[in-house]
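**Student:** model the structure of this input:
(one chain, ligands or ions: 1)
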Amino acid sequence: MDSRTLQKKLVGYEAAKRIKDGQVVGLGTGTTVRYFIEKLGEKIKERELDILGIPTSYQSFLLAKNCGIPLTTLEEHDVDIAIDGADEVDKKLNLIKGKGGAHTQEKIVDYSAKKFIVIVDESKIVDELGKSPVPVEVIPSSLRMVCENIKKLGGKPSLRFYKYTPWISDNGNFIIDVKFDSIGDPSRLEKELNNIPGVVENGIFSKNVDEVLVGTKNGIKVLK
Ligand SMILES: O=C(CO)[C@H](O)[C@H](O)COP(=O)(O)O
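**Tutor:** Model prediction:
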């Protein structure tokens, strides 16, 4: 296992230790969260833990089901704690998420959680957000209008493809990846993007993060 994968596994397993009996747990999406979900599944099988999960994507839904995690929905339960990955984390704990295209449902679950913990390997830590593009989920019929409005905000939009077909989100929408030269004010940009008609949700998370567990070569570092 390479060092980055080891770091993901380390923080995924550490996050599983933070989950208490009886909690409703938001299950994020991605290769880091996979380790967390698998560990939760093991604990449930060993009767160490009795919890309910709320998945943030079909990917997490299927994985959680395969791991034997009992599932519920936001219609029925509030989220006690959400664990999710990220593509970038800055020093103020602002995030870019959505490389896997799941940021809309992730934001619904993560922002509603009483506690939100992010798990990443050290390659995700940046001084300022914007190395990666910001994923924006859009209603397909609004594509051109949204792209024009995004350019006015200084972004360079490109439609995400899978082979020759536009990539379709779990909600049946397109994803635009938007590159910005710099993101000075993540909270403002998050709001400005969501104000564009046709935008469902964007991948800037500027709120609600309680803690970031960072896997490093020397163990886990906690950012608060
Ligand atoms: O936002 C996400 C999916 O939409 C993921 O949480 C993010 O892309 C991090 O994924 P990984 O742990 O695989 O690097």
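
**Student:** tell me the phi and psi of Leu62?
**Tutor:** The phi and psi values for Leu62, taken as degrees, to the nearest 10, are phi -70, psi -40.

**Student:** going forward, the N-terminal residue is numbered 241.
**Tutor:** Sure thing, new numbering starts at 241, so read that last one as Leu302.

**Student:** how near is it to Ile309?
**Tutor:** Look at Leu302 and Ile309: by Cβ to Cβ, to the nearest Å, they are 11 Å apart. C-beta: built from backbone N, CA, C; applies to glycine.

**Student:** which one's more surrounded, the two?
**Tutor:** Taking neighbours as other Cβ atoms under 10 Å, Leu302 and Ile309 compare with Ile309 leading, 24 against 11.

**Student:** so that one makes contact with Ile291?
**Tutor:** Yes. Ile309 sits in contact with Ile291 when judged by Cβ atoms under 8 Å, with a separation of 7.3 Å.

**Student:** give me the mean pLDDT for stretch 441-456.
**Tutor:** Confidence over stretch 441-456 (mean pLDDT, whole number) is 98.

**Student:** an error on my part: the question was meant for stretch 338-352.
**Tutor:** Per-residue pLDDT values over stretch 338-352 give a mean of 98.

**Student:** tell me the buried residues in it?
**Tutor:** Burial within stretch 338-352, assessed by neighbour count using 16 or more other Cβ atoms under 10 Å, is assigned to Gly338, Lys339, Gly340, Gly341, Ala342, His343, Thr344, Gln345, Glu346, Lys347, Val349, Asp350.

**Student:** isn't the first one up against Gly325?
**Tutor:** The reference is to Gly338. No. Judged on Cβ under 8 Å, Gly338 makes no contact with Gly325 at a distance of 10.5 Å.

**Student:** quick revisit: got any residues that touch both of Ile309 and Ile291?
**Tutor:** Leu280, Ile284 (Cβ atoms under 8 Å, 6 or more residues apart in numbering).

**Student:** residues in the chain within reach of the ligand, list them.
**Tutor:** When proximity is defined by Cβ under 6 Å from any ligand atom, the chain lies next to the ligand at 268-272, 324-327, 337-343, 346.

**Student:** again, only using 5 Å
**Tutor:** Within the chain, the positions near the ligand by Cβ under 5 Å from any ligand atom are Thr269, Gly270, Thr271, Thr272, Gly325, Asp327, Lys337, Gly338, Lys339, Gly340, Ala342.

**Student:** need the residues you listed in CSV (columns: secondary structure).
**Tutor:** Shown next, in CSV, are those (DSSP: H, G, I helix; E, B strand; the rest coil):
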residue, secondary structure
Thr269, coil
Gly270, coil
Thr271, helix
Thr272, helix
Gly325, coil
Asp327, coil
Lys337, coil
Gly338, coil
Lys339, coil
Gly340, coil
Ala342, coil
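
**Student:** circling back to that earlier point, now the two most distant members of the buried residues of stretch 338-352.
**Tutor:** Spanning the widest gap among the buried residues of stretch 338-352 are Lys339 and Val349, at 17.1 Å by Cβ to Cβ.

**Student:** any idea how far Leu433 is from Asn334?
**Tutor:** Where Leu433 is concerned, Asn334 sits at a distance of 14 Å (Cβ to Cβ).

**Student:** nope, Gln345 is what I was after
**Tutor:** Between Gln345 and Leu433 the distance is 17 Å, computed by Cβ to Cβ.
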